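sharing a model that was predicted from the sequence below.
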Amino acid sequence: MKNKIYYIAFFLFVAFISTAAIEIIEECDATALKNELKRELRPEYRYDSSKSSRFTYKETPQIKEIEVPLFMGERYRFLFNTSCVPEGIDVKIYNKSMDKKNRTLLYTMESIDDQKIYTFEPEKSRKMYINYIIPGRASESEMNGCMIFVLGYQLAVLKSLD
């Protein structure tokens, strides 16, 4: 009898966790958002890579950093999709990581209420660091979000046609 109770409790626990995971996935369909950004690359740029960053708002502000290595001499386009960001976050791109001194700010994303896709095309190709600055919130309810980043590169053939 005890084994049946344990099995039922375990089954209910697994069902609860699965339901919570499905809700998070439905809130942020990273594949669909990434495909939307890929369309923004064409025809000048080709898809290189992407990164979906999921986060939970906390009482204190957070910073999530992504390192983006780039090949010198190539042209790149950075695309960000904020469709699944319930409360605005700041995006800043630097030339050095946050643990280094004397880093230079290369780009700041200006949030616009109805805009969901943002573009940045760096003048020089070098290693860059994207910082997502997630604001703190005083609410007791848990709120999640995700940010989608897609990197595109310009083909050398297309550059020579310009």
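Done, it's in.

in three-state terms, label residue 32 for me.
At residue 32 the chain is in helix, as set by DSSP: H, G, I helix; E, B strand; the rest coil.

what's around it, how many residues?
Look at residue 32: counted by other C-beta atoms under 10 Å, it has 11 neighbours. No exception for glycine: its C-beta is placed from N, CA and C like everyone else's.

so it versus residue 52, what's the distance?
Applying C-beta to C-beta, to the nearest Å, the value for residue 32 to residue 52 is 11 Å.

and for residue 126?
For residue 126, the distance to residue 52 - C-beta to C-beta - is 24 Å.

may I ask which helix or strand of this structure has the lowest mean pLDDT?
Lowest on mean pLDDT, DSSP states H and E among the helices and strands of the chain sits helix 2-27, with a mean of 49.

more neighbours, residue 126 and residue 52?
Neighbours were counted for residue 126 and for residue 52 using other C-beta under 10 Å; residue 52 has more, 17 against 12.

now the helices for this protein?
Under the criterion DSSP state H, helices of the chain are mapped to 2-27, 30-41, 156-161.

how far off centre is stretch 114-123?
Put simply, stretch 114-123 sits 13 Å off its chain's centre (C-alpha atoms, centre = their mean, to the nearest Å).

okay, buried residues for it please.
For stretch 114-123, burial by neighbour count (16 or more other C-beta atoms under 10 Å) applies to 117-118, 120, 122.

for that stretch, how far is the first residue from the last?
27 Å (C-alpha to C-alpha, to the nearest Å).

again with stretch 103-114
End-to-end distance for stretch 103-114: 31 Å, by C-alpha to C-alpha.
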